[in-house]
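1. below are the sequence and a predicted model for it; my questions follow.
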Amino acid sequence: MSLLATLRHPPMPALLLVSAAGFGLSAALARNAALPGFCGSIDALALLGRDPSVVFIMPGGNLTGQLLAEWALMLLAMMPPLLALPITHLRRSSLPRRRGRAIMAFVLGYGAVWLAAALPLLLAGLGLRLLLGPLALPAALLLALGWSASPQYARAQRVAHRFPRIGLFGGQALRDALGFGALHGRDCLRTCWAWMLVPLMVDGGHLMVMLAVSILLLAERRTPAGPLGWRCPPLILRLRRGLVLWV
């Protein structure tokens with residue numbers, strides 16, 4: 001099935017609407033956003049006025065809460081299209097009256113994993129900018145391309161395409177859906193972590209880079225895992241084939 005056909009097939013239209021809402025909210029709040037400026041500026045330490053790790057650790061830090069909220073909004077914008085296959089699996093594995101609860105439990109488990117990863121990834125993004133300055137963006141792109149070409153990525157991609165059995169009744173059904181969300185979030189984090197650093201490397205055009213990375217991740221998600229060895233990054237393969245993915 002081509003990507004255009006995939007975009008028309010449920011539940012993808014609903015997921016695209018959720019993603020569009022996330023991008024819309026991000027655009028509306030972009031003027032006061034802390035995330036691009038925090039991770040994309042050499043003057044971040046002056047902005048904080050202290051060691052950044054102290055601000056992250058302090059539970060009452062306003063900047064910490066704002067960063068986590070904006071990270072959650074970033075996930076809302078970028079991740080929904082990647083969840084089409086697992087949500088389809090949930091819908092097929094759940095009784096009709098339980099599908100909504102199963103999907104909510106799945107999203108809760110998935111989101112919890114990505115929220116737990118926020119601080120390490122944000123600190124990694126900040127470290128890259130402080131160490132490399134204007135070279136941070138090309139360095140992050142090279143890191144992401146190198147990760148996509150690695151056997152570790154291929155192994156993680158294979159695991160991310162395996163879906164567990166979901167119970168039909170009672171608490172077992174909700175526990176299975178919640179556990180599925182957490183496991184899929186872990187597997188998604190393993191495959192996507194390097195690309196999620198890229199939007200953190202830019203100030204201007206942050207939303208456009210988020211959109212580009214979202215499309216790229218969706219394209220990679222549709223690429224077969226291939227052999228467990230070094231290979232040409234899926235993005236380069238798609239470009240070499242004239243983006244036949246889209247037709």
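-> Received, thanks.

2. going forward, measure contacts between C-alpha atoms and count neighbours the same way
-> OK.

3. quick one: the helix or strand containing H89 to chain centroid distance?
-> In the assignment (DSSP states H and E), H89 maps to helix 84-93. Taking CA atoms, centre = their mean, to the nearest Å, one finds the center of helix 84-93 at 19 Å from the center of the full chain.

4. buried sites along it?
-> 84-87, 90-91, 93 (16 or more other CA atoms under 10 Å).

5. which elements pack onto it?
-> Helix 84-93 is packed against helix 99-116, with contacts defined by 3 or more CA pairs under 8 Å, 6 or more residues apart in numbering; DSSP states H and E.

6. isn't Y110 up against L189?
-> No. Counting by CA atoms under 8 Å, Y110 does not reach L189; the two are 9.7 Å apart.

7. just the buried positions in the host helix or strand of M74, please.
-> M74 is part of helix 62-78, with elements assigned from DSSP H and E. By neighbour count on 16+ other CA under 10 Å, the buried set for helix 62-78 is 63-64, 67-68, 70-78.

8. point to the residue nearest the middle of the chain.
-> M79 (5.0 Å; CA atoms, centre = their mean).

9. and the next helix or strand past the longest helix seen in the chain?
-> Counting by DSSP state H, the longest helix found in the chain is helix 170-197. The helix or strand immediately downstream of helix 170-197 is helix 206-221, counting by DSSP H and E.

10. could you list every helix and strand in contact with that following helix?
-> Here helix 206-221 touches helix 12-29, helix 62-78, helix 170-197, helix 234-240, going by 3+ CA pairs under 8 Å, 6+ apart.

11. deepest-packed of those, please.
-> helix 170-197 (a mean of 21; mean count of other CA atoms under 10 Å).

12. any stretches of the protein with poor pLDDT?
-> Along the chain, the model assigns pLDDT under 70 to residues 1-6, 31-63, 224-226, 234-235, 237-247.

13. OK, contacts around the residue nearest to the centre of the chain?
-> 19, 214 (CA atoms under 8 Å, 6 or more residues apart in numbering).

14. quick check on it: phi, psi?
-> Main-chain dihedrals, M79, degrees, to the nearest 10: phi -90, psi -30.

15. that one and R175, how far apart?
-> Remark: distance between M79 and R175 (CA to CA, to the nearest Å) = 22 Å.

16. now L15
-> 23 Å.

17. next: P164.
-> Counting by CA to CA, the gap from P164 to R175 is 12 Å.

18. could you do L126 as well?
-> Separation of L126 from R175 (CA to CA): 36 Å.

19. V107 and L183 touch, don't they?
-> No. Judged on CA under 8 Å, V107 makes no contact with L183 at a distance of 11.2 Å.

20. how about CSV for the helices and strands packed on helix 206-221, with distance to M210 added?
-> Rendered in CSV, the data for the helices and strands packed on helix 206-221 read as follows (distance: least, CA to CA, whole Å):
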stretch, distance to M210
helix 12-29, 9
helix 62-78, 7
helix 170-197, 8
helix 234-240, 16
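
21. ok, which of these comes nearest L211?
-> helix 62-78 (7.1 Å; CA to CA).

22. the closest one to helix 99-116, inter-axis angle?
-> Angle, helix 62-78 to helix 99-116, by axes from the mean of the first three to the mean of the last three CA atoms, to 10 degrees: 130 degrees.

23. how about the CA coordinates for helix 62-78, as PDB?
-> Provided in PDB are the C-alpha atoms of helix 62-78 (Å, rounded to 0.1, in the frame of the first residue of the first chain):
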ATOM      1  CA  ASN A  62       8.700  26.800  36.400                       C
ATOM      2  CA  LEU A  63      11.000  26.200  33.500                       C
ATOM      3  CA  THR A  64      11.000  22.500  34.100                       C
ATOM      4  CA  GLY A  65       7.200  22.400  33.900                       C
ATOM      5  CA  GLN A  66       7.100  24.500  30.800                       C
ATOM      6  CA  LEU A  67       9.700  22.400  29.000                       C
ATOM      7  CA  LEU A  68       7.900  19.100  29.900                       C
ATOM      8  CA  ALA A  69       4.600  20.600  28.700                       C
ATOM      9  CA  GLU A  70       6.100  21.700  25.400                       C
ATOM     10  CA  TRP A  71       7.800  18.300  25.000                       C
ATOM     11  CA  ALA A  72       4.300  16.700  25.500                       C
ATOM     12  CA  LEU A  73       2.900  19.100  22.900                       C
ATOM     13  CA  MET A  74       5.800  18.100  20.500                       C
ATOM     14  CA  LEU A  75       4.900  14.500  21.000                       C
ATOM     15  CA  LEU A  76       1.200  15.200  20.300                       C
ATOM     16  CA  ALA A  77       2.200  16.800  17.000                       C
ATOM     17  CA  MET A  78       4.800  14.300  15.800                       C
END
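
24. lovely, talk soon.
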